[in-house]
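**Q** what follows is a predicted protein model with its sequence.
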Amino acid sequence: MDSYDRREYWIESAEYDLQTAKAMLQTKRYLYVGFMCHQTVEKALKGIFVARHPEEELPYIHKLVRLSNLCGITEELSEDQLFLLDTLNPLNIEARYPMHRSLLFQSMTQERCEQLIKETEALLRWLNAK
C-alpha cells in the first residue's frame with residue numbers, strides 16, 4: 001500500500017468514526033460520543049503521519065498531542081484546537097475502564113456531546129486539508 005492509499009485508509013476510517021459519534025449521540029450513548037470523537041482525530045492524525053513519513057512505522061500511540069508533534073503540525077494548531085486535543089485525549093481511556101466510567105457518565109451531557117462533535121468535525125476538515 002503506498003502512502004496515498006494509507007492516508008486514504010485513515011481518512012475514510014476517521015470519517016466513519018465521526019459518523020459513529022453522531023449515531024451514538026442520536027441513540028443517547030453519550031459515553032461513546034467522546035470516545036469516537038477521539039478516534040476520529042487520532043485516525044486523521046495517523047493519516048497525516050503516514051503521508052508525511054511513508055518510510056516510517058506508524059507509532060502505536062493514542063495521545064493526540066504526541067501524534068500532532070510527530071506529524072509536525074502542533075505549531076499550526078490554534079489554541080482552541082489544542083484545547084480540543086487535550087479534552088478528547090482522556091476520553092479514549094475513560095470510556096474503556098470502569099474506574100473512570102461513572103465520572104465520565106456524569107460529564108457527558110447531550111449539549112457537551114453536540115459541542116464535541118461540532119468541534120471534532122471542524123478539526124477533521126482542517127486536518128484533512130493538511
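**A** Thanks, I have it.
**Q** for Ser68, see how far away the closest residue to Ala51 other than its chain neighbours is.
**A** Distances taken as Cβ to Cβ, 6 or more residues apart in numbering place Arg7 nearest to Ala51, at 4.2 Å, with adjacent residues excluded. Using the backbone N, CA and C atoms, a C-beta is placed for each residue, glycine as well. The gap separating Arg7 from Ser68 is 16 Å, by Cβ to Cβ, to the nearest Å.
**Q** check contacts around Glu15.
**A** Thr40, Leu124 (Cβ atoms under 8 Å, 6 or more residues apart in numbering).
**Q** that one and Asn89, how far apart?
**A** For Glu15, the distance to Asn89 - Cβ to Cβ - is 21 Å.
**Q** before we move on, what about Ser107?
**A** 14 Å.
**Q** comparing those two, which residue is more hemmed in?
**A** A count of neighbours by other Cβ atoms under 10 Å puts Asn89 above the other of Ser107 and Asn89, at 19 against 12.
**Q** skipping adjacent residues, who's closest to Leu85 in space?
**A** Leu85's closest residue in space is Leu64 (Cβ to Cβ, 6+ apart), at 4.1 Å.
**Q** could you identify the helix or strand that succeeds the helix or strand hosting Leu67?
**A** Secondary structure from DSSP states H and E places Leu67 in helix 64-71. Next along the chain after helix 64-71, taking DSSP H and E as the criterion, comes helix 79-94.
**Q** now that following helix: buried residues?
**A** Gln81, Leu84, Leu85, Thr87, Leu88, Asn89, Leu91, Asn92, Glu94 (16 or more other Cβ atoms under 10 Å).
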